[in-house]
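*Asks:* Here's my sequence, what's the structure:
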Amino acid sequence: MKHYLTQATLIGLSAFLLAACTSETPVDGDRQDKKDLVVSAEIVSSVTGSKAVGAPANSYDKRSFVNDDPIRIIIGDVYKIYKKKDAQWLPESESLTVDGTSKTITAVYPDDFSTILADQADGDANTGANFMKSNKLMSEITTASNYVKFKFAPVFTKITITVAYKSDSKRKNVTATLAGNDLCTNDNSSKTIKMLRTSSNADALMNHAFTCILNPGTQRGFVLTVSGFTNNGSPAENETYTQEAKEFKPGYNYIYNFSSNDNLILNSVTVEPFGEGGTSDVGSAT
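*Replies:* Have a look, this model is predicted:
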């Protein structure tokens with residue numbers, strides 16, 4: 001009888017231990033059967049998908065990533081910041097994980113992008129900081145793999161303005177603005193974008209150039225106003241040009257070339273893929 005009780009006790013103890021083991025939660029239960037996200041990233045033309053070429057010296061376009069550049073990677077309602085470290089992209093803290101099921105993974109640069117800014121001239125400093133904050137690049141991939149190769153492309157439109165004056169009517173301290181609806185957002189609000197100067201402003205010059213990021217759309221119009229001072233320092237009359245509502249496509253740079261005899265004269269408009277040279281037929285730009 002004593003032997004029978006001992007055997008029963010052992011059987012009961014074994015059953016208890018088995019139940020305890022099977023019901024125990026793993027220490028890292030949230031990550032079991034998941035893999036860390038492995039990332040690569042490059043910037044491409046949004047039109048052709050080919051790698052973006054090097055930018056001119058006076059360009060503020062983002063053409064390639066450098067060490068310590070941050071990107072925001074989003075899966076569902078969870079995001080992490082990853083930074084470029086030589087040939088790798090590493091999370092600032094814990095890595096995002098995937099479980100082998102198909103998911104849409106989005107990456108954004110700048111990592112803290114909020115909106116297209118109206119003052120892209122940074123006051124009058126023209127550092128390019130607000131232009132670059134406005135120039136959202138994005139990549140979106142749907143995959144079941146834990147390895148994602150992001151190809152970032154511009155989300156918005158770029159506008160470039162050049163104005164050529166005659167030698168006897170040089171201008172200095174020239175500024176350019178675009179005014180219209182939905183230039184920064186899609187809420188039908190009226191905005192005035194102060195464009196970034198990309199030409200020198202040291203002396204009175206014949207040629208001036210400006211650029212800005214614009215919210216694309218099928219019915220987008222604006223009034224360009226160019227202001228400045230004559231060579232002797234007196235205020236020049238404002239010059240304006242009205243762009244009637246038309247389609248501006250994301251990922252393209254619309255280049256307006258003007259001359260002036262105290263009035264803006266549109267000489268040509270060319271349209272180039274953002275991040276690439278060459279023109280592309282995307283319809284009339286006028």
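
*Asks:* what residue ranges in this structure score low on pLDDT?
*Replies:* Within the chain, the set of residues satisfying pLDDT under 70 comprises 1-32, 46-59, 202, 275-286.

*Asks:* show me where it has helices.
*Replies:* 2-23, 129-134 (DSSP state H).

*Asks:* can you give me the offset of stretch 69-80 from its chain's centre?
*Replies:* Distance of stretch 69-80 from its chain centroid, counting by Cα atoms, centre = their mean, to the nearest Å, is 14 Å.

*Asks:* How far does that stretch stretch from one end to the other?
*Replies:* Stretch 69-80 has its terminal residues 14 Å apart, counting by Cα to Cα, to the nearest Å.

*Asks:* Name the surrounding residues that touch that stretch.
*Replies:* 37, 39, 41, 65, 81-84, 89, 91-96, 98, 103-112, 150, 152 (Cβ atoms under 8 Å, 6 or more residues apart in numbering). The way it works is simple: take the backbone N, C-alpha and C, and place the C-beta from them, glycine included.

*Asks:* what comes up buried for it?
*Replies:* Residues of stretch 69-80 classed as buried: Asp69, Ile71, Arg72, Ile73, Ile75, Lys80 (neighbour count, 16 or more other Cβ atoms under 10 Å).

*Asks:* re earlier: show the buried residues in the contacts of stretch 69-80.
*Replies:* 37, 39, 41, 65, 82-84, 89, 95-96, 98, 103, 105-111, 150, 152.

*Asks:* separation between Phe152 and Ser259?
*Replies:* Separation of Phe152 from Ser259 (Cβ to Cβ, to the nearest Å) stands at 36 Å.

*Asks:* now swap in Thr198 and tell me
*Replies:* 18 Å.

*Asks:* between those two, who's got more neighbours?
*Replies:* Thr198 (20 against 16; other Cβ atoms under 10 Å).

*Asks:* ok, the more buried one to Lys170 distance?
*Replies:* Counting by Cβ to Cβ - Thr198 and Lys170 are separated by 18 Å.

*Asks:* do Glu140 as well
*Replies:* 47 Å.

*Asks:* check contacts around Trp182.
*Replies:* No, residue 182 isn't Trp; it's Asp. Asn188, Ser189, Lys191, Asn215, Gly217, Arg220.

*Asks:* from memory the fifth one sits against Lys246, does it?
*Replies:* No - the criterion here is Cβ atoms under 8 Å, and Gly217 misses it with Lys246 at 9.4 Å.

*Asks:* When these two are compared, which one has more neighbours?
*Replies:* Gly217 (18 against 15).

*Asks:* check contacts around that one.
*Replies:* Taking Cβ under 8 Å, 6+ apart as the test, what Gly217 contacts is Asp182, Asn186, Glu247, Phe248.

*Asks:* Return the set of residues that bridge with it.
*Replies:* For Gly217, the beta-bridge partners under DSSP bridges are Phe248.

*Asks:* circling back: what is the nearest of the contacts of Gly217 to Glu239?
*Replies:* Phe248 (21.9 Å; Cβ to Cβ).

*Asks:* I am finished for the moment; much appreciated.
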